[in-house]
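Chemist: Quick one, what's the 3D model for this:
(one chain, ligands or ions: 1)
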Amino acid sequence: MSKAVVLGAAGGIGQPLALLLKSNPLVKELALFDIVNTPGVAADLSHISTPAKVSGYLPPDDGLKKALTGADIVVIPAGVPRKPGINAGIVRDLATGIATAAPKASILVISNPVNSTVPIVVEVLKKHGVFDPKKVFGVTTLDVVRAQTFAAEVLGDLSLASKLTVPVVGGHSGVTIVPLFSQSSTPLPSGFTKSDLEALTTRVQFGGDEVVKAKDGAGSATLSMAYAGAEFAEKVLRALNGEKGIVAPSFVHLSADKEGGEAVKKEIGQDLEYFSVRVQLGPGGVEKLHGLGSITEYERSLVQAAVPDLASNIDKGVSFIASPKL
Ligand SMILES: NC(=O)c1ccc[n+]([C@@H]2O[C@H](COP(=O)([O-])OP(=O)(O)OC[C@H]3O[C@@H](n4cnc5c(N)ncnc54)[C@H](O)[C@@H]3O)[C@@H](O)[C@H]2O)c1
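Modeler: Numbering: from 1, shown residues only. I've put the predicted structure just below:
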């Protein structure tokens, strides 16, 4: 039984994510922090007949510190959709709060651009001398959820969506998202052509745009992101509680598992500090990083296309903390 904290809990992602965490029996305490509206969201959720005790905090009276104290897991969906510069500052300030009030918590970063906000969190933790690479996760689960759902659609059976697994590696934006459909636990239909595969891959990489367009530009994915965030949080919580053998893709610092991380760098042929890979979770966070495994020529070309963007996204995050410029 754990304490979970949501930072940005009154937002489009934050509210449904808080609802899903309130429904999770592994959560004993749920603390909600935002710059607005958390007392209302917390009061509303607190009437739900599940065990988690809910509290809401705002910035005055050390609200961030109070929300974070005693946290086992902190999920960060705070920010402004599609405004990376503003999010960088928000994430830096929230990471500073975590470094001082909850330095041992597992941190799950949803705020975009994940390829840069995860390095921002890491650089802040390093500055405070509390960085543990096993505890910082970029949440890429929405890419995994989309890959599963779209593959199930192609297979003509949506009931497969929650059962099949498709590893997604690389990063978490556009071409840095690399779904490995050749490793789908249920193979794609025979007769699926190269151009079908390219279209399916592009749909996963740019799935977010489908939602933004359907919402007339007024918002981005919130409900599917909340579902994905809650699914990943549940896996981290189950591992924290001692369950073995839980594996999920996440964007992590490759030093989280030295041997596994070095093997991944060799596979991609680049000395990147971060990459999304299948992560085996344990009570201390990352237990082991899995390599890419056997991938096709096409998937290798996708990985190669992802690397330059990833390197520049990571560098942006690192240099934002070294010399802050919005
Ligand atoms: N990782 C993913 O797959 C993924 C998918 C979709 C969206 N996102 C990102 O998630 C973030 C949130 O999206 P949303 O649609 O929920 O946005 P939103 O605007 O609906 O909600 C964001 C919330 O963050 C709060 N906030 C702003 N500054 C804060 C601060 N300093 N401290 C605490 N809370 C603060 C806002 O008050 C708001 O309630 C965006 O960065 C978006 O790009 C990530």
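Chemist: Near the ligand, which residues of the stretch 101-250 of the chain are found?
Modeler: 110-112, 114, 139, 142, 172, 219-222, 225 (CB under 6 Å from any ligand atom). Every C-beta, even on glycine, is put in place using the N, C-alpha and C of the backbone.
Chemist: mind putting the residues you listed in JSON lines, distance to Ile35 included?
Modeler: Formatted as JSON lines, these follow (distance: CB to CB, whole Å):
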{"residue": "Ile110", "distance to Ile35": "17"}
{"residue": "Ser111", "distance to Ile35": "14"}
{"residue": "Asn112", "distance to Ile35": "18"}
{"residue": "Val114", "distance to Ile35": "21"}
{"residue": "Val139", "distance to Ile35": "21"}
{"residue": "Leu142", "distance to Ile35": "24"}
{"residue": "His172", "distance to Ile35": "24"}
{"residue": "Gly219", "distance to Ile35": "18"}
{"residue": "Ser220", "distance to Ile35": "19"}
{"residue": "Ala221", "distance to Ile35": "22"}
{"residue": "Thr222", "distance to Ile35": "18"}
{"residue": "Met225", "distance to Ile35": "20"}
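Chemist: Show me just the buried residues among those residues.
Modeler: Among those, the ones that count as buried by 16 or more other CB atoms under 10 Å are 110-112, 114, 139, 142, 172, 220-222, 225.
Chemist: show me the contacts for the residue nearest to Gly293 when sequence neighbours are not counted.
Modeler: Excluding the flanking residues, the one nearest Gly293 by CB to CB, 6 or more residues apart in numbering is Gln183, at 6.2 Å. Counting by CB atoms under 8 Å, 6 or more residues apart in numbering, Gln183 touches 166-167, 293-295.
Chemist: gap between Gln183 and Pro249?
Modeler: Between Gln183 and Pro249 the computed distance is 11 Å (CB to CB, to the nearest Å).
Chemist: got it, and Asp309?
Modeler: 18 Å.
Chemist: More neighbours: which of those two?
Modeler: Shown here are Asp309 and Pro249; by other CB atoms under 10 Å, Pro249 has more neighbours (27 against 16).
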